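[1] pasting a predicted model and its sequence here:
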Amino acid sequence: MNPVAVNFGNNLRYCRERAKFSQEDLGFAAGLHRTEIGLLERGARIPRIDTLVKLAGGLSIPPEELLDGLDWQPGSIERGGFQISPSENE
């Protein structure tokens, strides 16, 4: 599974339980189906930005609480990894 999705799911579960909400309660408060909450908590799905905002609003927390500990490292770019063959007319 995607480590970002798993970490997000753990954050979501922690915040939901801290608020003493069931998955169904949070789904109702956020305007989402309870199965969506379960998929997100299990790390089976990564939320879109509008879903993140809905979840944070339903929990009455800032969105960054759900992103706590998520880290991303950019890949490296290696220049000169390919060559362009000169055209036959040159």
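    Alright, I've got the coordinates.
[2] quick one, what contacts Gly69?
    Asn7, Asn11 (CB atoms under 8 Å, 6 or more residues apart in numbering). Placement of C-beta: from N, CA and C, glycine included.
[3] checking it next. Helix, strand or coil?
    Classification of Gly69 using DSSP: H, G, I helix; E, B strand; the rest coil returns coil.
[4] Gly27 contacts Glu36, correct?
    Yes: if you go by CB atoms under 8 Å, Gly27 and Glu36 touch, sitting 6.8 Å apart.
[5] per-residue pLDDT, Ala30?
    Note for Ala30: predicted pLDDT of 98.
[6] next one: Gln23
    98.
[7] send me the lengthiest helix in the chain as CSV with only the CA atoms.
    In the chain, with assignment by DSSP state H, the single longest helix is helix 3-18. Output in CSV follows, covering the C-alpha atoms of helix 3-18 (Å, rounded to 0.1, in the frame of the first residue of the first chain):
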residue,chain,number,x,y,z
PRO,A,3,2.7,4.9,2.6
VAL,A,4,1.2,8.3,2.2
ALA,A,5,-2.3,6.8,2.1
VAL,A,6,-1.6,4.6,5.2
ASN,A,7,-0.2,7.6,7.2
PHE,A,8,-3.2,9.7,6.2
GLY,A,9,-5.6,6.9,7.2
ASN,A,10,-3.9,6.6,10.6
ASN,A,11,-4.3,10.4,11.1
LEU,A,12,-7.9,10.3,10.0
ARG,A,13,-8.7,7.4,12.4
TYR,A,14,-6.9,9.1,15.3
CYS,A,15,-8.8,12.4,14.7
ARG,A,16,-12.1,10.7,14.3
GLU,A,17,-11.8,8.6,17.4
ARG,A,18,-10.6,11.7,19.4
